[in-house]
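Enquirer: please work out how this folds:
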Amino acid sequence: MTAALDINITKVETSKLLEMTLENIPFGKYFTDHMLEADYENGEWKNVEIKPYQPLLMEPSVAALHYGQAIFEGIKAYKDQDGNVAIFRPQDNFKRFNISAERMQMPTVPEEIFMEGMRMLIEIDKNWVPSMKDHSLYIRPFMFSSDPVIGVKPSETYKFMIILSPTGPYYTAPMKIYVEEKYTRAAPGGVGFSKNAGNYGASMLATAEAKKAGYDQVLWTDAFEHRYLQEVGTMNVFFIIGNTAVTPSLEEGTILAGVTRDSAMEVLKDMGLEVVEKKISIEDLMDAHRAGILYEVFGTGTAATISLIKELRYKDYVMHFDTDQWKIAPELKTRLTDIREGRAADTHGWMFKV
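Expert: Prediction:
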């Protein structure tokens with residue numbers, strides 16, 4: 001349980017929700033009526049408030065714009081058949097957020113501000129949580145350095161915020177993925193395991209080139225040999241090889257420890273599969289494909305949930321998959337969705353009630 005939070009609340013007079021529908025809403029385009037904001041100054045967090053969603057007023061010298069001290073999280077809240085709202089595993093995102101903060105030389109955010117502030121914000125804007133299947137309220141906590149100073153050093157002031165966005169499905173169709181062999185997302189000792197803004201900015205050129213070639217995303221490989229598989233764009237990746245679910249290991253610190261990844265591993269075990277985390281090369285994958293035992297490939301992520309991959313290309317070798325025949329990934333998605341939307345028992349204790 002989190003401690004009571006002393007917070008100033010200012011509500012809108014009229015909700016924007018009266019002018020829109022939440023069905024089939026695009027990801028990340030519309031935002032709810034309110035946001036949470038807190039400031040870090042003189043070694044402490046202060047000025048915690050929930051107020052109407054609005055633009056920020058910043059000086060052009062604000063440090064985050066120049067030196068990239070910015071981190072974020074992605075979380076989702078769901079509404080069950082009775083209209084109750086619950087958040088999926090926010091405690092795990094809270095922990096990961098502060099791991100990112102420490103790696104980026106930023107202050108950690110107290111649990112009562114992150115967790116209780118999130119709960120209070122969603123309680124105020126709970127009518128924005130869609131009730132349709134495969135819809136949810138996307139929660140974006142983020143923090144950035146706010147010193148109005150040009151200079152390569154950690155900032156002395158920071159701003160922590162949470163904004164909310166109702167959303168429908170992120171990927172609506174199975175994807176085509178290009179195995180990246182030129183650009184690098186992360187290397188050991190770097191910041192690949194942290195959810196910082198720079199990781200995503202650095203990925204955009206490779207993704208754009210893959211899209212020009214007819215692919216949706218790239219599957220990143222290691223920085224040294226471009227052989228060992230890491231993650232796909234905004235997702236972790238799983239391979240069903242024989243009766244085993246294989247996913248790249250987190251040991252080298254180059255891959256984000258996905259909350260959906262961890263959840264998928266638990267549910268796959270519930271389904272009777274062996275789950276293995278290991279270093280896996282593209283050659284291993286092609287050998288499994290040639291042998292006819294690479295049955296399914298899919299991504300996992302907060303935004304994407306479970307996303308099927310129908311084609312994987314490495315150089316001139318193309319692996320095609322008939323996703324209509326798959327059993328494991330669709331069942332995994334159904335089981336996770338049923339837990340989140342209250343149709344199945346939450347045996348793992350993942351849902352945080354608002």
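Enquirer: list the contacts of residue 300.
Expert: 235, 236, 237, 238, 258, 260, 261, 263, 264, 306, 307 (C-beta atoms under 8 Å, 6 or more residues apart in numbering). To be clear about C-beta, it is placed using only N, CA and C from the backbone, and glycine gets the same treatment.
Enquirer: so what are the sheet partners of the strand or helix carrying it and their directions?
Expert: Using DSSP states H and E, residue 300 falls within strand 294-301. As defined by DSSP bridges, the strand partners of strand 294-301 come to strand 236-241 (antiparallel), strand 305-314 (antiparallel).
Enquirer: show me what the helix or strand that the first one is followed by is packed up against.
Expert: Translated: strand 236-241. On the C-terminal side of strand 236-241, the closest following helix or strand by DSSP H and E is strand 244-248. Here strand 244-248 is seen to pack against strand 229-232, strand 236-241, helix 259-270, strand 274-278 when contacts are counted using 3 or more C-beta pairs under 8 Å, 6 or more residues apart in numbering; DSSP states H and E.
Enquirer: redo those as TSV? Include mean neighbour count, distance to residue 130 and mean pLDDT.
Expert: Listed next are the helices and strands packed on strand 244-248 as TSV, based on neighbours: other C-beta atoms under 10 Å; distance: least, C-beta to C-beta, whole Å; pLDDT from 0 to 100:
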stretch	mean neighbour count	distance to residue 130	mean pLDDT
strand 229-232	25	26	96
strand 236-241	24	25	98
helix 259-270	20	19	98
strand 274-278	13	31	98
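Enquirer: which stretch among those comes nearest residue 102?
Expert: helix 259-270 (18.1 Å; C-beta to C-beta).
Enquirer: now that closest one - C-alpha only, PDB.
Expert: C-alpha atoms of helix 259-270 as PDB (Å, rounded to 0.1, in the frame of the first residue of the first chain):
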ATOM      1  CA  VAL A 259       6.600  -6.200 -18.200                       C
ATOM      2  CA  THR A 260       4.500  -7.900 -20.900                       C
ATOM      3  CA  ARG A 261       7.500 -10.100 -21.700                       C
ATOM      4  CA  ASP A 262       7.600 -11.300 -18.100                       C
ATOM      5  CA  SER A 263       3.800 -11.800 -18.100                       C
ATOM      6  CA  ALA A 264       4.000 -13.800 -21.300                       C
ATOM      7  CA  MET A 265       6.600 -16.000 -19.900                       C
ATOM      8  CA  GLU A 266       4.400 -16.800 -16.900                       C
ATOM      9  CA  VAL A 267       1.300 -17.500 -19.000                       C
ATOM     10  CA  LEU A 268       3.300 -19.600 -21.400                       C
ATOM     11  CA  LYS A 269       4.400 -21.800 -18.500                       C
ATOM     12  CA  ASP A 270       0.700 -22.000 -17.400                       C
END
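Enquirer: and residue 248, how far from residue 192?
Expert: For residue 248, the distance to residue 192 (C-beta to C-beta, to the nearest Å) stands at 11 Å.
Enquirer: and the residue of the chain positioned farthest from its centre, what pLDDT?
Expert: Computed with C-alpha atoms, centre = their mean, the residue of the chain farthest from its C-alpha average is residue 291, at 33.4 Å. As predicted, residue 291 sits at a pLDDT of 98.
Enquirer: can you pull out the helices in the protein?
Expert: Assigned by DSSP state H, the helices in the chain fall at 63-67, 90-103, 111, 117-124, 197-201, 204-212, 259-270, 282-290, 328-340.
Enquirer: now render those as TSV, adding distance to residue 347.
Expert: Formatted as TSV, the helices of the chain follow (distance: least, C-beta to C-beta, whole Å):
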stretch	distance to residue 347
helix 63-67	41
helix 90-103	16
helix 111	25
helix 117-124	23
helix 197-201	33
helix 204-212	37
helix 259-270	8
helix 282-290	32
helix 328-340	8
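Enquirer: nearest to residue 80, of the ones you listed?
Expert: Closest among the helices of the chain, using C-beta to C-beta: helix 328-340, at 8.9 Å.
Enquirer: what angle sits between the closest one and strand 236-241?
Expert: Between helix 328-340 and strand 236-241, the angle comes out at 130 degrees (axes from the mean of the first three to the mean of the last three C-alpha atoms, to 10 degrees).
Enquirer: what does helix 328-340 contact?
Expert: By C-beta under 8 Å, 6+ apart, helix 328-340 touches 76, 78, 86, 88, 133-134, 136, 238, 240, 245, 260, 263-264, 267-268, 270-271, 273, 295-296, 298, 305-306, 308, 323, 343-346, 348, 350-351.
Enquirer: before we move on, what about stretch 180-187?
Expert: Residues outside stretch 180-187 that contact it (C-beta under 8 Å, 6+ apart): 192-193, 199, 202-203, 205-206, 210, 218-224, 226, 230-231, 253-255, 314-315.
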